[in-house]
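*Asks:* The sequence and its predicted three-dimensional model are supplied below.
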Amino acid sequence: MFPHHNRLYTYEAFIKAAAYFPLFAGEGSPDVRKRELAAFFAHAAHETTNGGPGSPGGTYAWGLVYTEELGCGDGHCTTYNTGGSSPYRPTPGKSYHGRGPLQLSYAYNYGQAGADMGLPLLAQPELVTQDGVVAFRAALWFWMKAQPPKPSCHEVLCGKWTPSAEDKCLGRRPGFGMTINIINGGVECRSKNPEIKANRQDRIGFYRRFAAVLGTTTESDCDCADMGPF
């Protein structure tokens, strides 16, 4: 599935990280579980890809290549250095740009993830690019963590989320498209910008590819083009 993966992202690291989240790909029928795994890997692949049309082996052979957001390693991406309304304050001199399989971003996410997992991620955000188990744990934390009014990606895919009346009015429904909405809906959902539409299609392409590898099917509409973002 990831023939060109960075050495940080090993199968062994993923299995060790997943053991901290026993409900991940652990609820529902075998097909439901496979679809959740395919969806997680799809987003991780899109967020870390180095491929595209014409890439050797095809577009979908190039996931899990990058470990951090390009161009932010020198610490100048200061827009992420905010705790928002959370109690987590950024550590001076540290950068909270995207890192790991799902590109964990912002001081408030590093702070909450670190608190929940018992790791000093607010003080040492670079751990997410130094330890493969931590990298996958951080990604799985985001995947499994509901952040109201957003449900978790896990809840959406395993059938534990029921759309409210407002969700229904905004076109939000269970399925892969809703996970796009949770992860980056403010940018990608409802956008008609060709480049952004291509990003959604890249996520969907990875999802369908991995579902096929795992021997399951996907829903016919995997997009969030008609969904209102949060």
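*Replies:* Received it, and whenever you're ready, just let me know what you need.
*Asks:* Next, the contact list for the closest residue in space to P3 that isn't next to it in sequence, please.
*Replies:* Among residues not flanking P3 along the chain, A61 sits closest, at 5.5 Å (Cβ to Cβ, 6 or more residues apart in numbering). (Glycine included, C-beta is placed from N, CA and C.) Counting by Cβ atoms under 8 Å, 6 or more residues apart in numbering, A61 touches F2, P3, H4, G51, S55.
*Asks:* what's the closest non-adjacent residue to V156?
*Replies:* V156's closest residue in space is M178 (Cβ to Cβ, 6+ apart), at 4.7 Å.
*Asks:* Surely that neighbour and G228 touch.
*Replies:* No: contact criterion Cβ atoms under 8 Å: M178 and G228 do not qualify, at 11.4 Å.
*Asks:* The two: who's more crowded?
*Replies:* M178 (27 against 15; other Cβ atoms under 10 Å).
*Asks:* which is the next helix or strand following the helix or strand where the more buried one lies?
*Replies:* Here M178, judged by DSSP states H and E, is contained in helix 176-188. Once helix 176-188 ends, the next helix or strand along the chain (criterion: DSSP H and E) is helix 194-213.
*Asks:* Please name the residues that touch the residue nearest the centre of the chain.
*Replies:* Centroid-nearest residue in the chain: L102, 3.8 Å away (criterion: Cα atoms, centre = their mean). By Cβ under 8 Å, 6+ apart, L102 lies in contact with H43, A44, E47, A138, A139, F142, W143, I183.
*Asks:* go again using 7 Å as the cut-off
*Replies:* Listed by Cβ atoms under 7 Å, 6 or more residues apart in numbering, the contact partners of L102 are H43, A44, E47, A139, F142, W143.
*Asks:* gap between it and G57?
*Replies:* 23 Å (Cβ to Cβ, to the nearest Å).
*Asks:* again, but for R208
*Replies:* Counting by Cβ to Cβ, the gap from R208 to G57 is 17 Å.
*Asks:* what about the two, which has more around it?
*Replies:* The neighbour comparison of R208 against G57 (other Cβ under 10 Å) goes to R208, with 17 against 10.
*Asks:* Let me see the contact set for the residue nearest to L121 when sequence neighbours are not counted.
*Replies:* Residue nearest to L121 in three dimensions, not counting chain neighbours: G114, with 3.3 Å by Cβ to Cβ, 6+ apart. Contact partners of G114, counting by Cβ under 7 Å, 6+ apart, are P120, L121, L122.
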